[in-house]
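Enquirer: When you get a sec, could you give me coordinates for this:
(one chain, ligands or ions: 1)
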Amino acid sequence: MGGNGRLRSAVPCLPAEGAAEALRARLEGLFSRGRGLAAFSGDALVGYLAGYPVPAHFGEAGGVHIPLHGHARAAGYGPGFVLSLYDRAAASWVRDGLLSHTVTAYAHDAPLIEAWFRNGFGMRCADAMRAVPASATEAEAPPGARIAPARAEHAEVLAPLHRAHNEFYRRSPLFMNHPDEDPAAEFVEWIHDGARREWAAFRGDAPVAFLRVGTTAENFASSLDSVRNIQGLYVDPSARGRGIARALVDAAFAWCARSGVPLLGVDYETLNRPAASLWEDRFEVYTRSLARRVDERVRAYAGLEPE
Ligand SMILES: CC(C)(COP(=O)(O)OP(=O)(O)OC[C@H]1O[C@@H](n2cnc3c(N)ncnc32)[C@H](O)[C@@H]1OP(=O)(O)O)[C@@H](O)C(=O)NCCC(=O)NCCS
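Expert: This next block holds a predicted model:
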């Protein structure tokens with residue numbers, strides 16, 4: 001079995017249609033605008049590692065993101081080989097002030113993920129996907145709640161929830177940089193695109209939760225036409241723990257089934273434990289993203305390359 005066949009059997013949820021073309025286009029972009037290196041044995045390419053410079057990556061310092069398609073190794077080459085490519089690439093990144101390094105890897109490649117952990121990386125995010133069951137139907141909303149599609153005219157009534165969702169990411173333990181936005185204007189702009197949907201859960205007339213589905217994607221697989229992605233979910237703290245998030249996810253699956261969308265994906269912070277538990281229960285995790293921050297003071301030293 002070739003590399004593609006091995007990957008497909010390890011990660012059956014990945015879309016097949018158009019994947020090779022999407023991957024090729026991303027690789028062309030990465031190899032022309034990214035930074036990294038390739039390894040050859042004679043004339044044969046046996047591996048590569050490359051990432052995109054990011055101006056402010058987990059803080060004010062620049063960094064490099066190595067995407068899912070940004071590293072590969074030929075059969076017979078192990079995780080240590082990938083890390084040896086990183087050692088060399090990182091020296092030049094750090095010299096240029098690119099200090100936060102992130103990498104996305106296939107979740108099933110446990111030895112590689114373990115190798116990144118042993119080399120100073122910690123887990124931050126994951127991507128998950130699930131085939132939409134053809135029979136997916138709307139779930140009953142939990143007692144006392146009602147679920148309905150959100151429309152542009154709901155912008156003002158949903159604004160407090162949308163604002164709370166944005167502010168949630170700033171708090172412990174996520175501590176993410178989420179700038180202020182005008183939630184009503186952002187929602188009107190967002191829902192304007194017919195490929196996007198949002199559902200809200202109401203208690204009486206008061207909205208207590210929403211879930212969004214759109215096409216924005218984190219990697220080449222989730223960007224394919226056959227995939228829609230969950231792009232926001234928030235349940236008011238007073239309404240949590242009663243199955244509202246589950247019912248909203250069911251509404252998204254039912255809409256995908258009606259619309260002929262075969263796959264539903266989600267990306268999430270693994271340090272957001274309640275949400276991670278929901279996604280890992282309902283979806284198949286296929287990537288893990290890891291991050292490392294290098295001490296900027298080492299830039300004062302000469303000779304950063306590995307010995
Ligand atoms: C995550 C969140 C959406 C869950 O909403 P909810 O309506 O309370 O969830 P539900 O009652 O439908 O529970 C669904 C599943 O979520 C997980 N979950 C929910 N709360 C949890 C908690 N406090 N701890 C661990 N798992 C939890 C469980 O897997 C649960 O399934 P179970 O009831 O069978 O154990 C809600 O806590 C929230 O809005 N958090 C802040 C915003 C957020 O994290 N959004 C997701 C961004 S990716």
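Enquirer: rest of the way, CA atoms for contacts and neighbours
Expert: Fine.
Enquirer: Tell me which stretches of the stretch 151-300 of the chain form helices.
Expert: In the stretch 151-300 of the chain, the helices defined using DSSP state H, counting those that start in this stretch lie at 155-168, 183-191, 244-259, 273-282.
Enquirer: Show me what counts as buried in the shortest one.
Expert: Neighbour counts using 16 or more other Cα atoms under 10 Å place P183, A184, F187, V188, W190, I191 of helix 183-191 among the buried residues.
Enquirer: Also stretch 134-153?
Expert: Neighbour-count burial for stretch 134-153 flags A136, T137, E138, A141, A145, R146, I147, A150, R151 (criterion: 16+ other Cα under 10 Å).
Enquirer: quick one: which of those residues sit in helices?
Expert: Residues of the buried residues of stretch 134-153 located in helices (DSSP state H): none.
Enquirer: can you pull up the bridge partners for the nearest residue to A195 once chain neighbours are set aside?
Expert: Nearest residue to A195, sequence neighbours excluded (Cα to Cα, 6 or more residues apart in numbering): G214, at 6.2 Å. As for beta bridges, G214 partners with N229 under DSSP bridges.
Enquirer: burial of G214, as a residue count?
Expert: Applying other Cα atoms under 10 Å, we find 21 residues neighbouring G214.
Enquirer: just checking, it touches N229?
Expert: Yes - with contact defined as Cα atoms under 8 Å, G214 counts as touching N229 (5.4 Å).
Enquirer: how about CSV for the buried residues of stretch 134-153, with distance to the ligand added?
Expert: Below are these laid out as CSV (distance: Cα to the nearest ligand atom, whole Å):
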residue, distance to the ligand
A136, 17
T137, 16
E138, 14
A141, 10
A145, 11
R146, 13
I147, 12
A150, 17
R151, 20
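Enquirer: Flag the least confident of these.
Expert: Within those, E138 has the lowest pLDDT, namely 77.
Enquirer: Name the residues of stretch 34-50 that are buried.
Expert: G34, R35, G36, L37, A39, V46, G47, Y48, L49, A50.
Enquirer: for the fifth one, phi and psi?
Expert: The main-chain torsion angles of A39 are listed as degrees, to the nearest 10 and equal phi -120, psi 140.
Enquirer: tell me the contacts of it?
Expert: Contacts for A39 (Cα atoms under 8 Å, 6 or more residues apart in numbering) come out as L45, V46, G47, Y48.
Enquirer: at 10 Å what do you get?
Expert: Counting by Cα atoms under 10 Å, 6 or more residues apart in numbering, A39 touches L45, V46, G47, Y48, L49, R73, F81, V82, L85.
Enquirer: need the buried residues of stretch 134-153 in JSON lines with distance to N166, can you?
Expert: Putting these into JSON lines (distance: Cα to Cα, whole Å) gives the following:
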{"residue": "A136", "distance to N166": "30"}
{"residue": "T137", "distance to N166": "29"}
{"residue": "E138", "distance to N166": "27"}
{"residue": "A141", "distance to N166": "25"}
{"residue": "A145", "distance to N166": "23"}
{"residue": "R146", "distance to N166": "23"}
{"residue": "I147", "distance to N166": "21"}
{"residue": "A150", "distance to N166": "18"}
{"residue": "R151", "distance to N166": "19"}
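Enquirer: List just the nearest of those residues to V285.
Expert: A136 (20.2 Å; Cα to Cα).
Enquirer: returning to that earlier point: tell me which of the helices of the stretch 151-300 of the chain sits most buried.
Expert: When you average the neighbours per residue for each of those (mean count of other Cα atoms under 10 Å), helix 244-259 leads with a mean of 21.
Enquirer: Return the distance of it from the chain's centre.
Expert: Taking Cα atoms, centre = their mean, to the nearest Å, one finds the center of helix 244-259 at 20 Å from the center of the full chain.
Enquirer: Only alpha carbons, please: show that helix as PDB.
Expert: Extracted C-alpha coordinates of helix 244-259, given in PDB (Å, rounded to 0.1, in the frame of the first residue of the first chain):
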ATOM      1  CA  ILE A 244     -28.100  22.000  24.700                       C
ATOM      2  CA  ALA A 245     -24.700  21.700  23.000                       C
ATOM      3  CA  ARG A 246     -25.500  18.100  21.900                       C
ATOM      4  CA  ALA A 247     -28.800  19.200  20.400                       C
ATOM      5  CA  LEU A 248     -27.100  22.000  18.500                       C
ATOM      6  CA  VAL A 249     -24.500  19.600  17.100                       C
ATOM      7  CA  ASP A 250     -27.400  17.300  16.100                       C
ATOM      8  CA  ALA A 251     -29.100  20.200  14.300                       C
ATOM      9  CA  ALA A 252     -25.800  20.800  12.300                       C
ATOM     10  CA  PHE A 253     -25.600  17.100  11.400                       C
ATOM     11  CA  ALA A 254     -29.300  17.100  10.300                       C
ATOM     12  CA  TRP A 255     -28.700  20.200   8.100                       C
ATOM     13  CA  CYS A 256     -25.600  18.600   6.500                       C
ATOM     14  CA  ALA A 257     -27.600  15.500   5.800                       C
ATOM     15  CA  ARG A 258     -30.400  17.500   4.100                       C
ATOM     16  CA  SER A 259     -27.900  19.600   2.200                       C
END
